[in-house]
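**Q** What would the 3D arrangement of this be:
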Amino acid sequence: MRTFLRFLLVIVCIFSLTACSGGSSAGLEAFRSPDGRYGFLYPIGWTKVSVENGPEVVFHDLINSDETLSLVISKLENDIDLRDLGTAKEVGRRLTNEVTDEKGNSRDVQLLDANSRENSDHMFYDLEYSVDFGNKNRHELASVVVDHGYLYTLAASSSEERWPQVKDLYAKVLNSFKFLI
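**A** Model (predicted):
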């Protein structure tokens, strides 16, 4: 009986770890929120870090420490659908304008692409940005989704120089984001 329970536990763990994968997950590990609500994949070798008064979840590459993955969760005033905020391009432009208009901001943010997709009964907006800080350029992919009155923004960022090497990996990471309950 004990052996059977261990076997069952191993099977459950395997399915739990692969539940947020949407295809090939080579080079990726599974992350699941402590409450089991959502999950996504992140690159093997990246480490989770805590940021006080920052994103809910942050991972960064140990070798290229400026490569990051972060999840920001924001409470919405109303329980709305993502489409109520506008199209993917409209939401992407609004986020671009908000960042550019911040006081003391020294960055130029350009929306490069905006698409919508459905996954696990949710509408996602996938956004691609370039960010010019004057002395360095960065590239970012972000996926935005609404669930139960919260706006989730999962973003992966790298230097512009590293972008060609990581863009496909980042796309897999963002596409892996799912709600599990």
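**Q** just to confirm, which helix or strand has residue 90 in it?
**A** helix 88-101 (DSSP states H and E).
**Q** Can you tell me which helices and strands that helix packs against?
**A** On a contact count with 3 or more Cβ pairs under 8 Å, 6 or more residues apart in numbering; DSSP states H and E, helix 88-101 meets strand 108-119, strand 122-132. C-betas here are computed from N, CA, C, even on glycine.
**Q** Buried ones in that helix, by neighbour count?
**A** For helix 88-101, the neighbour count (16 or more other Cβ atoms under 10 Å) marks 88, 91, 92, 95, 96 as buried.
**Q** again with stretch 130-138
**A** Using 16+ other Cβ under 10 Å as the test for burial, stretch 130-138 gives 131, 138.
**Q** Quick check: end-to-end length of that stretch?
**A** End-to-end distance for stretch 130-138: 6 Å, by Cα to Cα, to the nearest Å.
**Q** If you average the pLDDT over it, what comes out?
**A** The average pLDDT within stretch 130-138 is 90.
**Q** contacting residues around it?
**A** 66, 106-110, 112, 139-140, 157-160 (Cβ atoms under 8 Å, 6 or more residues apart in numbering).
**Q** try stretch 94-113
**A** In contact with stretch 94-113 (Cβ under 8 Å, 6+ apart) are residues 85-86, 89, 92-93, 126-134, 142.
**Q** List the contacts of residue 152.
**A** Counting by Cβ under 8 Å, 6+ apart, residue 152 has contacts 38, 71, 72, 73, 144, 145, 146, 177.
**Q** likewise residue 31?
**A** Per Cβ under 8 Å, 6+ apart, neighbours of residue 31: 20, 39, 40, 41, 42, 48, 57, 59.
**Q** Now do the same for the last one: helix, strand or coil?
**A** Classification of residue 59 into helix, strand or coil gives strand, according to DSSP: H, G, I helix; E, B strand; the rest coil.
**Q** For it, which residues are in contact?
**A** 31, 42, 43, 46, 47, 48, 49, 68, 69, 70.
**Q** Is the second one bridged to anything, and to what?
**A** Read it as residue 42. residue 29 (DSSP bridges).
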